[in-house]
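# what follows is a predicted structure for the sequence shown.
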Amino acid sequence: MAVLVRSNVAATQHVTAQGGCEHTQVEILTREIGSSGSLFVMSEYCRPSQRQYEFERIVNKVKGLAETRPVLILGDFNAPQTTWGYKFQFKSGKALPKVMEDHEMAFLNEPDVTARRGSSVARDPTPDLSWLSSTLDVSWRREGVYLGSDHSVIGITIRGSRYRAVLGKAQITDWDKMRKFTQEPEAPEEESGQAETQWTYTEWAMDQKNVLQ
């Protein structure tokens, strides 16, 4: 349920009381997503043996905090439901979609695409689910990368008006101009050579004078 945010993206964590499923709530501050200026992300994990999941309380909490701003809720819910590929349904699987529907959350998963590898005796299930509360331009995709787990990495792309971070204008140094103002003009080679010869002759003459005295 950890939420990692890129270092050049402003974000703040909202600490909420834990109960039922474990969850982490982060507000990503960006003007590139819609017109609200921020996106709330709720990452949640429900243990398979969970009996008190409290979906209504948790979703109501994040929706109340976000107000009119978009909310992305995702995680490993372990809530079997025929809608997302299971052949059976648990009580949690019945309660979860109702709560999301009541809060006008749009289901992002592709029902026919599983998110976890099954076993030789069980089909591939989909415990990893995602919902979004707005009409943002979003896409969901199973990446097929497992990183040593039986859960696939899920890619969720929310498209904004711009895709690059604003880095500012590059300053290009004019090195020729800089040298012109920082270095003394060099003497021509001939003058430099004459000065060196004159200095050597003067030194030699003084040395000879000292010898004759």
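Sure, I can see it.

# list the contacts for residue 102?
residue 56 (CB atoms under 8 Å, 6 or more residues apart in numbering). Using the backbone N, CA and C atoms, a C-beta is placed for each residue, glycine as well.

# give me the pLDDT for it.
pLDDT for residue 102: 96.

# and for residue 175?
In this prediction residue 175 is given a pLDDT of 68.

# just residue 113 next, same as before
pLDDT for residue 113: 89.

# going forward, count from 6.
In the new numbering, first residue 6, that becomes residue 118.

# look up how far residue 63 lies from it.
With distances taken as CB to CB, to the nearest Å, residue 118 is found 25 Å from residue 63.

# and those two? Which one has more around it.
Comparing residue 118 with residue 63 by neighbour count (other CB atoms under 10 Å), the higher total belongs to residue 63, at 23 against 15.

# residue 160 is in what secondary structure piece?
Secondary structure assignment for residue 160, by DSSP states H and E: strand 159-164.

# that strand pairs with which strands?
Neighbouring strands of strand 159-164 in its sheet, by DSSP bridges, are strand 142-147 (antiparallel).

# list the buried ones in the strand it pairs with?
143, 145, 147 (16 or more other CB atoms under 10 Å).

# repeat for stretch 57-77
58-60, 63-64, 66-68, 71, 74-77.

# how long is stretch 19-28 end to end?
One end of stretch 19-28 sits 11 Å from the other (CA to CA, to the nearest Å).

# next one: it to chain centre, how far?
For stretch 19-28, the distance from its own C-alpha centre to the chain's C-alpha centre is 22 Å (CA atoms, centre = their mean, to the nearest Å).

# can you give the contact residues for that stretch?
With CB under 8 Å, 6+ apart as the test, stretch 19-28 has contacts from 6, 30-32, 45, 47-52, 55, 57-60, 62-63, 66-67, 70, 80, 82.

# which of the buried residues of strand 142-147 sits closest to residue 208?
Residue 208 has its nearest neighbour among the buried residues of strand 142-147 in residue 143, at 84.5 Å by CB to CB.
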